[in-house]
Every structure is written in structure tokens, then in C-alpha cells.
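Undergrad: Sequence and predicted structure are below.
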Amino acid sequence: MRRIIRRRELVADDARYAGEQAGPGTRLVPPAAQFISAVAAGATGTAGDAVLIGPTDEVEALVPHLALLKLIVVEFPKIGEGRGFSQARMLRQRYRYRGELRARGVLKRDQLFFLARCGFDSFDLDPAENLEAALGALDDFSVAYQDGSDAVVHVQRRASAT
Amino acid sequence: MYRYDQIDQTLVNERVAQFRDQTRRFLAGELSEDEFRPLRLRNGLYIQRFAPMLRVSIPYGLLSTTQLRMLAHIARTYDRSYGHFTTRQNIQYNWPALERVPDILADLASVEMHAIQTSGNCIRNITADHLAGVAPDEIADPRPYCEIIRQWATLNPEFSYLPRKFKIAVTASPADRAAVEIHDVGVRIKHGPNAAIGFEILAGGGLGRTPILGKLIRSFLPQADLLAYLEAILRVYNRYGRRDNIHKARIKILVRTLGAEEFTRQVEQEFEASREFAPRLEAREVERMRGFFAPPPYQQLNDSIPEVGSVASGTPTFDAWLRYNTRRHKVAGYRIVFVSLKKHGEAPGDMSDGQMDALAQLADRVSFGMLRTTHDQNLVLADVPQSALPEVWRELDALGLATPNIGTLTDMICCPGLDFCSLANAGSIDVAKQIHARFDDLDYLYDLGPIEIKMSGCMNACGHHHIGHIGILGVDKHGKEWYQITIGGSSTGPAALGEVIGPSVPKDEVSDTIARLLEVYVRERRGDEERFVDAVRRIGIEPFQERVYETDHSPA
């Protein structure tokens, strides 16, 4: 059973992607292009409420449909991929997306804190990662200089900061 | 200088703990080399030819004597008793053991220092004018703004996995000693309407294998918008900078591909769209930061340079040192002193633990316990009373730190090259020694006037060869070390990239080639005031090419 971190808990992965079979308790997460064309075809009911976006997908294209969405999965296909951090920050801050925002891919515990600060609240890490140990990484830092979209971490900032 | 509060101290302490655990996981086999690489790099740790190399951050080049003593302690305890000051105002250690790096970081944290973001694809150390706060020509002290940018950039959650490294430099002087045009983002402090402080912003500059000067993208940015605008630039770059090819991933390639106008439009659009959420730099925060960089308690003194000269009469070396290694200070009675790390026989930028300790003691006595590092790999005692100059000279001379060559040909800058670096194609330190040996006549150097030689061991251009008046680039030709020569480069007034004079030359001919270039300059120069680089600009590179490559080489 695949597991993910959701809001600081280890839970079964409920997402199924292209080429996988959705069963009881799971849902299909289509790629952005497929989701958007399903919506455009007027098939709101069948488009579902989840979408997977890759590094080159523009979050702006999802904006008209955010009210439909309960889960956005952002993919990090390579070590060092960083576009997803901006995608998350924009979804949370500028477009006020309030549903679940999941980071998925070649991610280790070492990226967890930054991901959480950008607004991710669930994490589908590298299968080789020790998830119990990874949970602790959400508390790697108790302080920060920047404003964040913190849902699952708490940091102290300087009172006089901007 | 800036002093840590509980937030800053907690942050560096927690970073030490995090890195200690990452190192443990790597050594235990829980992290592969590929997984560990981006983690160690963003903490300044390279795996080099013989050992790891650790780069320690010196924010905008400002150091207290407590910190310099710690750098000496680290050199002694974990390395081979020396450190190497870099062109980005940092210091590198070439021989630490990987498993001891977390202990080094803990030692650094105890004096408010770290190695955070000194490498890797993230925002690097913010660099600035090394004469900030004491230069007579500056509009405002850039350091409060540097510290503000440093904090914003440190462990920034959105911009920690950029396409490539990102360097920001700040200057407040027309002389631009920070070379802002060769940075990913250059910030020039300027006066706007009603004498309000604001910024001119350049983007897309950089050296490396595709040298480009930065483009002006904003002619006046109000102070309050500094961080918001930087966020807009970084977000456009993070989203659209290339990630498929490491050689095309810097922001300069994005700016060049889009065109400066279209890039500017995208940044401005992002800036407008984010206005509501972006950080606003409040005037009181700037004031708070300014408080950290208040002038030291200067005494009421009169300028007394002539007197100092008379004290030293009969000691020509002192006079030369005074002339070449010191500069005018904005406060009467004080002088800026350069500590030369360009002694013949030493690798440019290297300093021993003993020199560091002794220099710290001297700075405590004569310069308010503070020092600076420069882009040219020297150090600076910024606030020396003129009456102390003979004593300072004597002590620096005894330490081998008073070579009177600042701004001359032998004040070369130089990367570690093939001797240490796994990227290098050719050696640079021994070429520096060759040049030192060839041009050991100080009077000749003084006759030549200001001339900058910059040397890199490979096209990554850590030695900034493109902007050297004479640039030297090490290349590999069939397993042999050869050197490509450029002339006419400059970091300031106006910045320019040097032109290649022709085919590269073998190692043992580098100093002969330079001698021929200088021969042409001496023949062609108009008066004492025309510098080498000015002459190249005026007459072009052809006369130099002719002399260097003429077939019948009479001895240069």
C-alpha cells in the first residue's frame, strides 16, 4: 500500500494516476490538459475534482476551475525541480485555492519544510524515503525570515519584519 | 555590523543540525551521491580533486575580528592552516574532512556565521562595495539593504530550487566597486524624486561561458518595493528559466532569449499582480537596519597625511605603500588601508591562520575591530587613523601583507585552478607566480599605472577573466595547459567584456605575451593618465595582436 503524508499524518495514498486503476476509496487524478478539456466539453460531472500538474503547466489555466477542485497534485519529476514551489505559492496566495495541495515526485524529507511553507499540505515522497523519519523534517526550522502559506508548519518570525 | 538576535541564531543553529543529519544519512548510505549533492552544495560543500572544499559566507564582505579569529581557528583545526578569500567576498577551505564539516558549521554559528547558500542553485551571498560606509563618493550605505536582501534570500522557501545559481550585488557609488553589471541582478542605489532613496535594477548579467552585461530593467524603484520587485524577477526566472541544459540555465539566457523588453514586461506584470501579497519594505525596518551600520565612534581629527609622510621620510617602501595601498576616507584624519594578499610566491587570496590572528589583533587596535573582504581578493582595514599608518605599515609588512601593489598588474585575481578545482582545465596559481616573477620591478609596475589582470582556470570564469583589463583563461589542448588572452575588459566605467586577441598561448609564454601587450601600451599611451584599458579602447586590439603574433619574435 502506498502511503503519503497528509497534514502531518501517514495515510493511504488515495490518488490514482494515468495507467492506474481507481478502486474503492481512491480517485483518478487526470493530467491538467485532460481535466481542462473535460471541463470545456461541458462534462463538469465527469471531469472530477482532482488534477495533476507538471512543471510546465501554467497554474493560470486552472484558475477558472478552482471551485471544482478538491485536490491539486503538483509533480516534481526530477531532483532539483523547483517550479512547483512557485505554482503552489501562486495557487495559495494569489488565487486563494483552499483545497488539498499535494507535492509528488522525487522528493526527500529535505524539501518538506520548504514545500510546506509554500502551501503544500500533503506529500507523496520518493518511495525509498522513510516516512516516519520524514515527518520530523516538518519541524527542521522553528523560525523563518519570509512570509509563507503555512498550513502544516508553524514558524516564528520577527515582529518588526515586513 | 549586523548582530544576530534570537531568530537569526536559532535559524543557523537549526541549519547546522539539519546538515549534520544530512551528512550522517549520506555517510550511512541512506542518501545517494546524487541525492546528497544538491543538499551539500547549498551549504557550500564541494567534492574537489583531493578533498571536499567548504565555502563560508561573508555577507557583503564584512567581518568582525571575532569572526576572523574563528576563521583562523577553523583553518588551524580542520584544514592545513590557511584559507582562500574569493572574488565573491567569501572564504574557502580546501582540505576539510567531510565528516567534520558539521562541527565547522557549529563553530561558525557560534560567531554568527554560516555557509548557507554559498553554492547550489539558489540565491548566493549578497555582495557589495567593499568601501561601503567609508567611501567619499557613495549616495547611501548599501549594507542595510544588503542585510535586508540577505534575510529575504536566506532559506527562501519559493526560491531555493532555482534553475541555476543566482547572484545579487548592490552598489551606491558611481565607481561601482561591486561590479553590478556582471550579476544576475544588480542593484544601484540612487536618489529619486524629492531625494528619496530608491534603486536602479539591472538583470541578466553574468560571466561564465556566455559573458553578458546586465540590462537595465527598472530605472527607479521606490525603496518600499525592493523585495517585491526581487520576488517578481525571481518568480519569472523560477518559472521560465531553462532547466534542460545547465549551460543555458542562468537568468542571462532567459533575458537574452525573451529580449530585455519582453523580460521587463513579464517582471512588471508579475510585480503588479503580486502587489497585494508581496513583502513591503517599511521605512522603519530600513531605519532599524541602518542602526546596525552606524559609523564607529570616530575621533575629531584633522587630515595629516603630509605629516605621516614626513615621519616616514627615508623609507621609500612606506611611501609606495601609502600611495598604492591606502585610499581617502570620508572622515577627516582617517585612511582606508588595503591588506594585500598578492605577495610574490603566495597564491592570490590565500591567508594563513597566523596572519589572520595577527591581523585581527591589529584591527582591534586601529580599525574598530572590523575588516572587509574585496572582490579583488584582498582585505581592508576601513577606519585607520592617519597617525597610526606607520605602525600599521610596519606590522603588515612583518606579516607579508604590505606588498605595495594594490591596483597594479601584480594585484591579480585568480581562481584556485587545476591545483584544487575539479572543474579547471588549467592551473592558475603557478601562472600568477610566473607573472609575479617576471614583473618584480615595482617602479615598472607603478609606471604602468592601474591595470587589472584576472585569471580563470576554466570557462566557468570564477576569476572573472572577461572583465580583466587583461584576461587569462586556462584551456585544455590535447591534455596540455594553454591560455587564451583577452584585453579591454572592465568591471566599471563603463563595464565591458574583453576581446580575445587570437590563438591561445602555451603556459610558459603567458608572461612573455603580457610583456608584449605592455610594450604596445607603453609605445601608444597618451600621457601618464591613459590607463592600459583606455588605450585598448582608443586604438583597438589590432596593434596588440600584431605584436603578440608577429612571426619574428624579438625578445619581449
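TA: Thanks, I have it. Numbers count the residues shown, from 1 in each chain, chains lettered A, B, ... in the order given.

Undergrad: what does the stretch 1-150 of chain B put close to chain A?
TA: Within reach of chain A by CB under 8 Å from any CB of the partner chain, the stretch 1-150 of chain B has these residues: B:5, B:7, B:10-11, B:14-15, B:17-18, B:22, B:30-31, B:34-35, B:38-39, B:121. The C-beta positions use only the backbone N, C-alpha and C, and glycine is treated the same way.

Undergrad: buried sites along the strand or helix carrying residue B:20?
TA: According to DSSP states H and E, residue B:20 maps onto helix B:6-27. Going by neighbour count (16 or more other CB atoms under 10 Å in any protein chain shown), the buried part of helix B:6-27 is B:7-8, B:11-19, B:21-23, B:25-26.

Undergrad: ok, now stretch B:333-346?
TA: For stretch B:333-346, using 16+ other CB under 10 Å, the buried residues are B:333-343, B:346.

Undergrad: One more: stretch B:475-493?
TA: B:481-492.

Undergrad: which residue does the stretch 301-450 of chain B bring closest to chain A?
TA: residue B:423 (18.4 Å; CB to the nearest CB).

Undergrad: Retrieve the pLDDT associated with that residue.
TA: For residue B:423, the pLDDT comes out at 83.

Undergrad: That one: what's it in contact with?
TA: When contacts are counted by CB atoms under 8 Å, 6 or more residues apart in numbering or on different chains, residue B:423 touches B:457-458, B:460.

Undergrad: how many neighbours does the closest residue to chain A within chain B have?
TA: Residue nearest to chain A within chain B (CB to the nearest CB): residue B:161, separated by 2.9 Å. When neighbours are counted by other CB atoms under 10 Å in any protein chain shown, residue B:161 registers 24.

Undergrad: Mind picking the one among the buried residues of stretch B:475-493 that's closest to residue B:516?
TA: residue B:485 (10.1 Å; CB to CB).

Undergrad: So the closest one belongs to a helix, correct?
TA: No. Using DSSP: H, G, I helix; E, B strand; the rest coil, the assignment for residue B:485 is strand, not a helix.

Undergrad: Against residue B:468, how distant is it?
TA: 10 Å (CB to CB, to the nearest Å).

Undergrad: now residue B:437
TA: Residue B:437 is 19 Å from residue B:468, by CB to CB.

Undergrad: Same check on residue B:92?
TA: 21 Å.

Undergrad: Then residue A:35?
TA: From residue A:35 over to residue B:468 the distance is 54 Å, taken as CB to CB.

Undergrad: Which one's more surrounded, the two?
TA: Taking other CB under 10 Å, residue A:35 and residue B:468 do not tie; residue B:468 has more neighbours (27 against 24).

Undergrad: which residue packs closest to that one, ignoring adjacent ones?
TA: residue B:454 (3.1 Å; CB to CB, 6 or more residues apart in numbering or on different chains).

Undergrad: So the one you found is in contact with residue B:411, correct?
TA: No. Applying CB atoms under 8 Å as the test, residue B:454 and residue B:411 come out as separate, 10.3 Å apart.

Undergrad: which of the two has more neighbours?
TA: Neighbours per residue, other CB under 10 Å: of residue B:454 and residue B:411, the larger number sits with residue B:454, 28 against 25.

Undergrad: give the contact list for the residue of chain B closest to chain A.
TA: Contacts of residue B:161 (CB under 8 Å, 6+ apart): A:80-82, A:85, A:111, A:114, B:38, B:121-122.

Undergrad: Give me the neighbour count for residue B:438.
TA: Neighbours of residue B:438 (other CB under 10 Å): 16.

Undergrad: does the residue lying closest to it once chain neighbours are set aside sit in a helix, a strand or a coil?
TA: The shortest distance from residue B:438 to any non-neighbouring residue, by CB to CB, 6+ apart, is to residue B:511 (3.9 Å). When classified by three-state DSSP, residue B:511 comes out as helix.

Undergrad: before we move on, what about the one 3 residues further on?
TA: Under three-state DSSP, residue B:514 falls in the helix class.

Undergrad: Spell out which residues of the stretch 151-300 of chain B are next to chain A.
TA: Residues of the stretch 151-300 of chain B lying close to chain A by CB under 8 Å from any CB are B:151-152, B:154-163, B:227, B:235, B:238-239, B:243, B:273-274, B:277, B:279-282, B:284-285, B:288.

Undergrad: Could you identify the buried members of those residues?
TA: Using 16+ other CB under 10 Å as the burial test, these include B:151-152, B:154-163, B:227, B:235, B:238-239, B:243, B:274, B:277, B:279, B:281, B:285 as buried.

Undergrad: wait, what's in contact with residue B:118?
TA: Listed by CB under 8 Å, 6+ apart, the contact partners of residue B:118 are B:43-44, B:55-57, B:90, B:124-125.

Undergrad: In space, what's closest to it - neighbours in sequence excluded?
TA: Of all residues not flanking residue B:118 in the chain, residue B:44 sits nearest, at 3.4 Å (CB to CB, 6+ apart).

Undergrad: Please tell me I have it right and that neighbour contacts residue B:57.
TA: Yes. Here residue B:44 reaches residue B:57: they are 7.2 Å apart, a contact under CB under 8 Å.

Undergrad: Neighbour count: the two, which is higher?
TA: Neighbour count, other CB under 10 Å: between residue B:44 and residue B:57, residue B:44 has more, with 26 against 23.

Undergrad: Would you enumerate the residues in contact with the more buried one?
TA: The neighbours of residue B:44, taking CB under 8 Å, 6+ apart as the test, are B:54-57, B:115-119.

Undergrad: pLDDT below threshold where in chain A?
TA: Filtered on pLDDT under 70, chain A yields the residue ranges A:43-46, A:160-162.

Undergrad: count of neighbours near the closest residue to chain B within it?
TA: Distances between chain A and chain B by CB to the nearest CB are smallest at residue A:82, namely 2.9 Å. Applying other CB under 10 Å, we find 24 other residues in the vicinity of residue A:82.
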